[in-house]
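Sequence below, structure please.
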Amino acid sequence: MKKTVFAAFIFVFALVFAGCAASNPGDDTGRSTASVTAGNSEDSRPAVEVQTEPAHAPYELFKFKLLDGGTYEIKARQNVVLPDNLVLPASYEGKPVTVLGESSFSGYRDIVSVAIPEGYTVISNNAFSACTDLSSVVIPAGVTSIGDNAFYGCSSLTSITIPDSVTSIGYYAFYNCSSLTSITIPDGVTSISAFQYCSGLTRITIPDSVTRIGYSAFEGCSSLTSITIPDSVTSIDGSAFIGCSRLTSITIPASVTSIGKNAFAGCTGLTSIIIPDSVTSIGYMAFAGCTGLTNIDYTGTKTQWNKISKDYGWNNNTGDYTVHCTDGDIPKN
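Presented below is the predicted three-dimensional model:
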């Protein structure tokens, strides 16, 4: 009888144990699996602690290309979310990063500020084009080149410091940076064609290193009230100041030999200009639409003025100016 009771007890105990095991299958740790499903309801494996890099580690945000010199070029990876205040890495895998690649951050409209560390030397074409919320950029000493369209359409950019190391600023580099109010171009730059439609720009400093004010350099800078052209400049190219409607006066230095077509067209606020006797040609429509122009001060004689090659329409729709030469006046004809 005792054996029968004992056997029955063992049988009941076995049934209870089996039921407990069935209520938590596959878990021999005694922990619930419901809280360890990381983004996948079908994955009920226990959580495993993994040491990860910071959320915005360079490999997550950027792609790198090893250059011939043993340094890296950097670009943003596609479809990543960049931080508003972007700090670029100085190195990758123990080697320095020196080049911002072409279109590296083009169109990332949520970037507000960018800090570029020392060691970078090149900001390539279209690097930050159409970054419409970008308001501040720190460019380190050591950068020598800012490419074409580099900050094209960065309409929120209010300030930028270009270091003295920069010797080249590409075409349309700051096109339509309409919130910029002033800029200083560093010594070493020899040609400018970069600030079209910077409509908030009121002041600009051009260094003595510049020899050419290039095509469309300050086109549409409608808030620019004055500019000093240094004696180093020999050429003012076509459309250089077209549409600078608030310019009231300008002095062209004695080093300049040619004034390009449309160079000052549409400068409706321009009332006086000084043209040196070094100028040998004035291009097509150069002063067309300067409706307020009343005085041209010429540093040569009337004969020299008449010998200047003046292209068709150079003075179309201007004010009734008088050319004041060293030996008398010449009225508009």
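
can you list contacts of stretch 305-312?
Outside stretch 305-312, the residues within contact range by CB atoms under 8 Å, 6 or more residues apart in numbering are 261, 279-286, 298, 323, 325, 330. From N, CA and C alone the C-beta is placed, and that goes for glycine too.

now these: which count as buried?
Lys261, Val279, Ile282, Gly283, Tyr284, Met285, Ala286, Tyr298, Val323, Cys325 (16 or more other CB atoms under 10 Å).

Which helix or strand contains the second one?
Read it as Val279. Val279 belongs to no helix or strand when elements are defined using DSSP states H and E.

per-residue confidence averaged over stretch 148-164?
For stretch 148-164, the mean per-residue pLDDT is 94.

just stretch 122-129 next, same as before
Stretch 122-129 comes out at a mean pLDDT of 98.

Show residues contacting that stretch.
Here stretch 122-129 has contacts from 98-107, 111, 114, 116, 134, 137, 139, 143-154, 170, using CB under 8 Å, 6+ apart.

Kindly report the same for stretch 73-81.
60-65, 67, 82, 88-89, 92, 97-101, 103-105, 108.

which among those end up buried?
61-64, 82, 88-89, 92, 97-101, 103-105, 108.

can you give me the strands for the stretch 1-150 of the chain?
62-66, 72-76, 85-87, 91-92, 95-100, 113-115, 122-123, 136-138, 145-146 (DSSP state E, counting those that start in this stretch).

by contact count, what packs against the fifth one?
Read it as strand 95-100. Contact here means 3 or more CB pairs under 8 Å, 6 or more residues apart in numbering; DSSP states H and E; on that basis strand 95-100 packs against strand 72-76, strand 122-123.

So what's the gap between it and the chain middle?
Offset of strand 95-100 from its chain centre (CA atoms, centre = their mean, to the nearest Å): 18 Å.

residues making contact with that strand?
Taking CB under 8 Å, 6+ apart as the rule, strand 95-100 contacts 64, 66-67, 69-75, 88-91, 116, 119-124, 127.

Now it - C-alpha only, CSV.
Extracted in CSV, the C-alpha atoms of strand 95-100 (Å, rounded to 0.1, in the frame of the first residue of the first chain):
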residue,chain,number,x,y,z
LYS,A,95,45.2,58.4,-41.5
PRO,A,96,44.2,62.1,-41.9
VAL,A,97,41.1,63.2,-43.8
THR,A,98,42.1,66.1,-46.1
VAL,A,99,39.5,66.4,-48.8
LEU,A,100,35.8,67.1,-48.8
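
quick check: mean pLDDT across that strand?
The pLDDT scores in strand 95-100 average 96.

and the angle from it to strand 72-76?
Put simply, strand 95-100 runs at 60 degrees to strand 72-76, going by axes from the mean of the first three to the mean of the last three CA atoms, to 10 degrees.

where does the spatially most central residue of the chain sit relative to Ala141, distance-wise?
Centroid check for the chain by CA atoms, centre = their mean gives Phe151 as the closest residue, at 1.7 Å. To Ala141, Phe151 is 19 Å away according to CB to CB, to the nearest Å.

Leu201 too?
From Leu201 to Ala141 the distance is 24 Å (CB to CB).

Ok, Ala90 next?
Distance from Ala90 to Ala141, by CB to CB: 14 Å.

Now the common contact residues for the two.
Jointly contacting Ala90 and Ala141 under the rule CB under 8 Å, 6+ apart are Glu118.

and those two? which has more neighbours close in?
Applying other CB atoms under 10 Å to Ala90 and Ala141 shows that Ala90 carries more neighbours, namely 15 against 10.

show me what contacts the more buried one?
Contacts for Ala90 (CB under 8 Å, 6+ apart) come out as Pro96, Val97, Pro117, Glu118, Gly119.

Test my guess that the fourth one contacts Val143.
No. At 9.4 Å, Glu118 and Val143 do not qualify as touching, with contact defined as CB atoms under 8 Å.
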